[in-house]
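**Q** Just need the structure, nothing else, for what follows:
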Amino acid sequence: RSTLFPYTTLFRSLVYEFDTLHGVNIWQIGQPQKTVFNQAYSLPNALMTDTVNSYPINDTSIIVVKVPVWSHDWGAHTIMFQYKLNTDSLSDYGKLEVSADNGLTFINVLTQWDDYGFWWNGDIHENFTGNTDDWKWFSICISGLLDSFPSADTIQYRFSFISDGSQTNKDGWIIDNLIVEDLTESIKDINGNSQTICYPNPTNNVLM
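**A** Prediction:
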């Protein structure tokens with residue numbers, strides 16, 4: 001389990017890549033200093049569409065988070081985060097996609113979740129557009145993706161923010177407490193009763 005801002009756990013690192021092929025690319029990690037986004041959820045830093053300026057018009061900015069896959073056995077591969085939105089219309093919006101084939105195929109978690117057996121944790125999902133007064137919680141389990149890509153060794157999460165041609169000096173999208181979990185449960189089958197010992201027998205409390 002790894003948490004963004006301001007540290008990474010000892011178990012593994014998250015790799016953040018900025019895609020510079022789309023416009024200016026306004027994703028930044030830092031202390032919010034904007035009109036609406038003036039404080040991170042967990043002080044001091046957050047990931048957002050520019051830490052100081054409003055988002056520009058006609059822009060597509062992308063950041064990719066890469067996470068190693070520990071196991072293909074039964075488990076829960078989950079991404080979760082806190083977020084706020086401040087946009088001027090439905091045509092200014094955020095998008096979250098996931099890939100298990102090194103970026104060849106990206107799946108929109110808001111529109112294609114049922115095709116791959118994703119399931120939602122907590123509240124029903126919403127589109128990343130409009131305005132939120134308070135911090136909102138997003139969480140989705142993408143375990144079913146590994147059934148379609150059994151050789152995957154890395155999961156890529158791609159965050160995009162897209163703006164239209166109208167300038168209204170809004171703040172965009174801010175994300176904090178980004179957590180990626182890769183929980184696995186796997187116990188080998190035991191063949192033959194001779195390999196199994198239970199004691200004490202009889203018992204009315206604890207059985208080992």
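
**Q** which residues touch the spatially most central residue of the chain?
**A** Centroid-nearest residue in the chain, with CA atoms, centre = their mean: Ile79, separated by 3.6 Å. Shown in contact with Ile79 (CB atoms under 8 Å, 6 or more residues apart in numbering): Leu96, Val98, Ser139, Ile140, Ile142, Tyr157, Leu178, Ile179, Val180, Glu181. Where you see a C-beta, it was placed from the backbone N, CA and C, and this is true even at glycine.

**Q** Run through the residues that contact the third one.
**A** To tie it back to what came earlier, the one meant is Ser139. With CB under 8 Å, 6+ apart, Ser139 has these contacts: Thr78, Ile79, Met80, Phe81, Trp120, Asn121, Gly122.

**Q** can you redo these as a markdown table with secondary structure, distance to Ser163 and pLDDT?
**A** Converted to a markdown table, those look like this (DSSP: H, G, I helix; E, B strand; the rest coil; distance: CB to CB, whole Å; pLDDT from 0 to 100):
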| residue | secondary structure | distance to Ser163 | pLDDT |
| --- | --- | --- | --- |
| Thr78 | strand | 29 | 89 |
| Ile79 | strand | 24 | 91 |
| Met80 | strand | 25 | 91 |
| Phe81 | strand | 21 | 93 |
| Trp120 | strand | 27 | 87 |
| Asn121 | coil | 29 | 77 |
| Gly122 | coil | 28 | 63 |
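
**Q** Pick out the most distant pair among the residues you listed.
**A** Using CB to CB, these span at most 13.9 Å, a distance reached by Phe81 and Trp120.

**Q** Which one's more surrounded, those two?
**A** Legend: neighbour count by other CB atoms under 10 Å for Phe81 and Trp120, higher for Phe81 (23 against 13).

**Q** Correct me if wrong: the more buried one contacts Ile140.
**A** No - with contacts counted by CB atoms under 8 Å, Phe81 stays clear of Ile140, the gap being 10.3 Å.

**Q** Which member of the contacts of Ser139 is positioned nearest Ser54?
**A** Phe81 (21.8 Å).

**Q** Distance-wise, check that closest one relative to Phe128.
**A** Here the criterion is CB to CB, to the nearest Å. By it, Phe81 lies 11 Å from Phe128.

**Q** what touches both of those two?
**A** By CB under 8 Å, 6+ apart, no residue touches both Phe81 and Phe128.

**Q** Output the below-cut-off pLDDT ranges for the protein.
**A** 1-13, 71-75, 122-124, 183-195 (pLDDT under 70).

**Q** Report the contact partners of His77.
**A** His77 neighbours (CB under 8 Å, 6+ apart): Val69, Cys141, Ile142, Ser143, Leu145, Leu146, Ile155, Glu181, Asp182, Leu183.

**Q** Try it again at 7 Å.
**A** Cys141, Ile142, Ser143, Leu146, Ile155, Asp182 (CB atoms under 7 Å, 6 or more residues apart in numbering).

**Q** Sitting in strands, which of those do you find?
**A** Cys141, Ile155, Asp182 (DSSP state E).

**Q** Show me the beta-bridge partners of the second one.
**A** When bridges are taken as DSSP bridges, the partners of Ile155 come out as Val67.
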